[in-house]
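Novice: Make a model of this:
(chains A and B)
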Amino acid sequence: MTLSSVSEHDVTSNRYLRGKYSICGVGETTYRRGSAESTRSLATWAISNAMKDAGMDSGDIDGMLSYSGNDSTFAPWVAGDLGIRLNFYMDVHGGGSSTEALIGIAMGVIEAGMCKTVAIYRAMNGYSAVRIGGTGARSAAPILGDQIHHRAYGWQSAGQMFAPTFLRHMYDYGTTPEQVAAVKVAHSKHASNNPKAFYKQRYTVEDVVSSRIICKPLHLLDCCVETDNATCIIVTRTERARDCPNPPAVIQSVVGRCCKPRADMHYQHGPISTVAGHYAKDILWSNAGLGPEDVDVTGSYDAFTFTTMLQLEDYGFCKKGEGGEYVSDGTIELGGRRPNNTSGGHLCEGYTHGMNMVIENTRQLRGNVDDSCPINEDGVREHTYNYEEGGCRQVKNVEVTANLGWAMPGTGSAMVMAKDHK
Amino acid sequence: MPIQGDYMGMMLTIEDLDQENKDFFKYCSKKEFRLQRGKKSGLLRYPPTTACPWTGDRVSEWVPVEGRGTVHSYVEVHHPIQPAFKDKVPYMIILADLDMQKGQPTEHEALRVAGNLMTEDGEFVSPETIKTVGIGTRVKLIYVDVTNEFALPHWTIDKEAEQPQKPWRYPEE
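Specialist: Residues are numbered from 1 along each chain as shown, chains lettered A, B, ... in the order given. The predicted structure is shown next:
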């Protein structure tokens, strides 16, 4: 326990709902460009897979949560297609940082007795319809009122909006493009061992820093991929989850859409090289009863290489200002001390607004990530822990994972999960 | 009536009920940079809001502010996203700390005002000029008309100010 905020937490008491709720099922579609189907169709596909994973049928799910930026299909249609009668549903506006926040909401509504089991989904044609990079529909939207202060200046896409934070971090702490490029190197290494990943090619630091500049300091290969896909996570009480075919990923703590001051325009309140994780960490670690040093695998949101680095730093995985070193010294790679985004994340596997990073950590905790390792006669995958290209991506003995979700420098969400020991 | 105007092929609209933005951009069209000052706190705020971020006080007045400051950070776009900016790359978005109220009410706060880096005449600057600007560059506000009652504030290099010898720029050049 190196941080003062961490050392103050009371590890003896069961704070809030620690341990009471779990992820019992996860599922996704393929990651593609050119899905040729609606978000409604993608959603039912992903939810079906998650239900199968949880060993549940339509009668077992009675709650649904989704999020979107008006680029998806709302829960009642999706539930209707799947024969699910809802006791609760809500479709929320938002993108990154929604995953963990909605998991927290699911826990809350089940705790309130409103429903028993919630399927959370994000269905998007992020390449074929509303492009995540901001070209097409997003650029064509009329510019109204408060948006004039940024969009009229050509300050609109995620990369453009976050760039002042990224550059200022380089200025404040001497972070280099090569250090941050190591995030892409690590995630591409992980993706090469993920048969589902959209990009499976491994990249070097030189590949990243010699790719063309999109907007400084972001090269093309510092940016995530645009894909079409849906993803689903099923949340229920841990007791109920223990009846499911796969071991529960037990939720220890969750933080949702935690903000820096001035959420309307976070740059007004510095230091602008500090992100929302600086505030979220005090809730996350304290409620979980553990600290960053207890975590085996991280899922730090990689909309860009920089977002992964900034969050790992502000959640306390290293000292403030040393994020560049932390992400480039081998720690975050498979085989390193604490691998990050072992599926390849948004930079390589596919873009899901955070869902695939929680799905991956759930599988890591179960010890059964879907890599290319051989499956034995009993249908169990025998992991080799050989991380050579095309090989294993299961981390040994995963006890605790952390997901660090990102919406923007000023807003983030997070979650700690652990293996079930009952 | 809403205020609406075409700017570089983009339709910019301020709804009739959006009093705060209407006032802000109308002052800009008179080449005045005015910000709201909360009655209770006496503090200025940017961009326009409906209450004071430090006190929640909904009473404020628009006061003139000198449009001079220092680049705090920036964006340098090489790959355009919006069609209007296709023929403008590379272009810069400046986030500058106004001299007024810098470091107040707490150390890391400032009125950080956005705008493109322009010539004094309100044209996008050349790639050569972009290479001279970075964190620390002294800048001042200018205004570019959208309609006769609506203008956008932008930044230009402050030629009267003492400039740093070498402002900080992204290293890969």
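
Novice: State the phi and psi torsions of A:E293.
Specialist: Taking degrees, to the nearest 10, you get phi -70, psi -10 for the backbone angles of A:E293.

Novice: what's the spacing between it and A:G412?
Specialist: With the distance defined as CB to CB, to the nearest Å, A:E293 ends up 20 Å from A:G412. For every residue, glycine as well, the C-beta is placed using N, CA and C.

Novice: In terms of packing, which of those two has more residues around it?
Specialist: When A:E293 is set against A:G412 and neighbours are counted by other CB atoms under 10 Å in any protein chain shown, the residue ahead is A:G412, at 35 against 13.

Novice: That one in helix, strand or coil?
Specialist: strand (DSSP: H, G, I helix; E, B strand; the rest coil).

Novice: which residue packs closest to it, ignoring adjacent ones?
Specialist: Spatial nearest neighbour of A:G412, chain neighbours left out: A:A276 (3.8 Å); criterion: CB to CB, 6 or more residues apart in numbering or on different chains.

Novice: So A:I283 belongs to a strand, correct?
Specialist: No: under three-state DSSP, A:I283 sits outside any strand and is assigned helix.

Novice: Test my guess that A:R257 contacts A:A414.
Specialist: No: A:R257 is beyond contact range of A:A414, at 10.3 Å (criterion: CB atoms under 8 Å).

Novice: So those two - more neighbours on which side?
Specialist: Taking neighbours as other CB under 10 Å, A:R257 and A:A414 compare with A:A414 leading, 30 against 20.

Novice: residue contacts, that one?
Specialist: Residues near A:A414 by CB atoms under 8 Å, 6 or more residues apart in numbering or on different chains: A:100, A:254-255, A:258, A:277, A:280-281, A:284, A:315, A:402-405.

Novice: So which of these belong to helices?
Specialist: Using DSSP state H, A:100, A:277, A:280-281, A:284 are the members of the contacts of A:A414 that sit in helices.

Novice: Would you show me how to pick out the buried ones of these in ChimeraX?
Specialist: What follows is the ChimeraX syntax selecting those of those that are buried according to 16 or more other CB atoms under 10 Å in any protein chain shown:
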select /A:100,277,280,281,284
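
Novice: Which member of the ones in helices among the contacts of A:A414 is positioned nearest chain B?
Specialist: A:G277 (16.5 Å; CB to the nearest CB).

Novice: show me what contacts the closest residue to that closest one other than its chain neighbours?
Specialist: Distances taken as CB to CB, 6+ apart place A:D314 nearest to A:G277, at 3.5 Å, with adjacent residues excluded. Shown in contact with A:D314 (CB under 8 Å, 6+ apart): A:274-278, A:281, A:320.

Novice: cool, A:N49 as well?
Specialist: Counting by CB under 8 Å, 6+ apart, A:N49 touches A:27-29, A:232.

Novice: at 10 Å what do you get?
Specialist: A:25-29, A:230-232 (CB atoms under 10 Å, 6 or more residues apart in numbering or on different chains).

Novice: can you give me the end-to-end distance of stretch B:107-122?
Specialist: 33 Å (CA to CA, to the nearest Å).

Novice: coming back round to it: most neighbours among the contacts of A:N49, which one?
Specialist: With neighbours taken as other CB under 10 Å, the top of the contacts of A:N49 is A:A230, carrying 32 neighbours.

Novice: and the gap between it and chain B?
Specialist: 25 Å (CB to the nearest CB, to the nearest Å).

Novice: Okay, and the beta partners of that residue?
Specialist: A:A123 (DSSP bridges).

Novice: That one and A:A119 touch, don't they?
Specialist: No: judged on CB atoms under 10 Å, A:A230 makes no contact with A:A119 at a distance of 11.4 Å.

Novice: since we're on A:D146, how many residues are nearby?
Specialist: 17.

Novice: Could you look up the SS state of residue 49?
Specialist: Reading this off chain A. Per three-state DSSP, A:N49 ends up helix.

Novice: What separation do you get for it and chain B?
Specialist: From A:N49 to chain B the distance is 33 Å (CB to the nearest CB).

Novice: any idea how far that residue lies from A:K116?
Specialist: From A:N49 to A:K116 the distance is 20 Å (CB to CB).
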